[in-house]
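# Sharing a model that was predicted from the sequence below.
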Amino acid sequence: MIITPTFTANFTTNFGAHAAAAKAAWIAAASVFTRNFSDNIHVNIIVDAVAGTSVFGQSNTGLISITYANLRARVAADAKTHNDQVAISPSGSMTVTDPTGGTGQWFLTRSQAKALGVIPDDQVNDGKTTFGAGNHFTFSGPIAAGTYDFQGIAAHEISEVMGRLGLSGNPLGSVPHAYSLIDNFSYTGPHHKGLNGGPNNNFSIDGGTTLLKLWNNPLINHLDSRDWAPGTNDSFNQFSSPGVVNPVSAIDLQLFDVIGYDLIAGAHAAAAESTAAASVSPSEEVFEASGVAHPQ
């Protein structure tokens with residue numbers, strides 16, 4: 001896997017004296033994915049910044065429509081790990097039949113579609129990540145008090161371009177009920193999917209028998225349905241606190257493994273590595289409240 005950033009002139013201008021450090025931090029965040037996944041694809045991302053703090057971190061990405069039958073077949077054909085085999089097993093989360101009963105339309109991000117062979121690999125832009133240069137960030141080393149882990153924020157946004165975003169039955173353009181692959185791994189209990197987001201929605205690969213981690217509840221805060229709920233510090237959390245490292249965790253890699261990417265055997269995320277921050281489907285802005293946890 002090759003992730004290629006294109007840093008805009010605004011990124012350099014708005015980060016000013018911190019631009020080189022911010023670029024290096026973004027590249028370090030991307031390397032977590034390229035080290036741990038072996039897909040023979042190019043992921044091409046525009047990296048932008050705006051002045052001030054009206055944006056914390058945000059992403060947007062192109063989406064590819066796919067039938068559920070084709071989606072399930074592609075996931076099954078790409079199954080290379082134990083996680084994948086559990087997911088496509090008779091008791092797994094990738095059910096043979098469309099869990100929406102045909103009432104929903106399914107989507108992949110462009111990079112997911114390349115990873116699953118739905119579209120050929122190319123050098124076309126796959127998405128964009130944007131950051132508010134006026135926020136207080138730490139770009140490398142220990143996270144200073146009152147600042148936010150930029151590598152964690154960057155990894156979060158990169159992961160959304162790559163497919164870690166929930167559509168969760170919401171309208172998308174002329175589509176009344178849109179779903180993404182990650183929505184299929186949401187359960188409230190054994191055999192009870194939580195496709196649309198809400199309370200007690202958990203990540204599960206075995207049809208809800210094992211609830212691995214709690215998703216954010218968008219019915220409470222109107223934010224991303226497939227970020228993690230508050231808990232341990234994690235790059236994929238909905239909220240990020242100042243002064244802490246937000247690493248890409250082992251469960252984050254497991255999640256990426258089952259939503260289309262090929263996890264390298266023995267891959268793991270070191271606790272000292274940081275990576276991750278914000279947005280939902282095509283785009284989302286997040287506003288700063290200094291010194292408190294930020295929605296990502």
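In hand now; what should we look at?

# Angles on the backbone of the residue nearest to Ala144 when sequence neighbours are not counted, please.
Closest residue in space to Ala144, ignoring its immediate chain neighbours: Thr138 at 5.1 Å, by C-beta to C-beta, 6 or more residues apart in numbering. To be clear about C-beta, it is placed using only N, CA and C from the backbone, and glycine gets the same treatment. Note on Thr138: its backbone torsions stand at phi -110, psi 130 [degrees, to the nearest 10].

# and what of Val86?
Taking degrees, to the nearest 10 as the convention, Val86 sits at phi -60, psi -40.

# ok, it - how many residues close by?
20 (other C-beta atoms under 10 Å).

# how far away is the residue nearest to Ala144 from Ala154?
12 Å (C-beta to C-beta, to the nearest Å).

# Between those two, which is the more surrounded one?
Remark: of Thr138 and Ala154, Ala154 carries more neighbours, 30 against 22, as counted by other C-beta under 10 Å.

# right, and that one touches Ala24 too?
No. Counting by C-beta atoms under 8 Å, Ala24 is not a contact partner of Ala154; they are 10.5 Å apart.

# where does the stretch 151-296 of the chain have low pLDDT?
Counting by pLDDT under 70, the ranges of the stretch 151-296 of the chain that qualify are 267-296.

# For it, just list every one of the strands.
Taking DSSP state E, counting those that start in this stretch as the criterion, the stretch 151-296 of the chain carries its strands at 170-172, 175-180, 186-189, 192-193, 202-203, 213-214, 239-240, 294-295.

# from the middle of its chain, how far away would the fifth one be?
Distance, stretch centre to chain centre, for strand 202-203: 14 Å (C-alpha atoms, centre = their mean, to the nearest Å).

# hang on, the residue nearest to Ala144 packs against Tyr148?
Yes. Counting by C-beta under 8 Å, Tyr148 is a contact partner of Thr138 at 7.1 Å.

# Distance from stretch 2-11 to the middle of the chain?
Stretch 2-11 has its C-alpha centroid displaced from the chain centroid by 18 Å (C-alpha atoms, centre = their mean).

# buried set for it?
3, 5, 7, 11 (16 or more other C-beta atoms under 10 Å).

# I figured Asp122 hits Ile41, correct?
No. Applying C-beta under 8 Å as the test, Asp122 and Ile41 come out as separate, 9.0 Å apart.

# Name the residue in those two with the higher neighbour count.
Neighbour count, other C-beta under 10 Å: between Asp122 and Ile41, Ile41 has more, with 25 against 12.

# contacting residues for the more buried one?
By C-beta atoms under 8 Å, 6 or more residues apart in numbering, Ile41 lies in contact with 1-2, 111, 114-115, 121.

# The residue lying closest to Asn202 once chain neighbours are set aside: what's it in contact with?
Distances taken as C-beta to C-beta, 6+ apart place Leu211 nearest to Asn202, at 3.7 Å, with adjacent residues excluded. By C-beta under 8 Å, 6+ apart, the contact list for Leu211 reads 187, 189, 202-204.

# Gly62 too?
Neighbouring residues of Gly62 by C-beta under 8 Å, 6+ apart: 109-110, 125-127.

# which SS class is Thr130?
Secondary structure for Thr130, judged by DSSP: H, G, I helix; E, B strand; the rest coil, is strand.

# Excluding chain neighbours, give the residue nearest to it in space.
Closest to Thr130 by C-beta to C-beta, 6+ apart is Asp48, at 4.5 Å.

# With Asp257 instead?
Sequence neighbours aside, Leu263 is the residue nearest to Asp257 in space, at 4.0 Å (criterion: C-beta to C-beta, 6+ apart).

# does that neighbour really touch Thr81, like I thought?
Yes. The criterion here is C-beta under 8 Å, and Leu263 meets it with Thr81 at 5.4 Å.

# any residues in contact with both of those two?
Both Leu263 and Thr81 are in contact with Asp257, where contact means C-beta under 8 Å, 6+ apart.

# out of these two, which sits in the more crowded spot?
Each of Leu263 and Thr81 has its neighbours counted (other C-beta under 10 Å); Leu263 has more, 21 against 18.

# Show me the beta-bridge partners of the more buried one.
Beta bridges link Leu263 to Phe37, judged by DSSP bridges.

# Report the contact partners of it.
Per C-beta under 8 Å, 6+ apart, neighbours of Leu263: 36-38, 80-81, 83, 253-254, 256-257.
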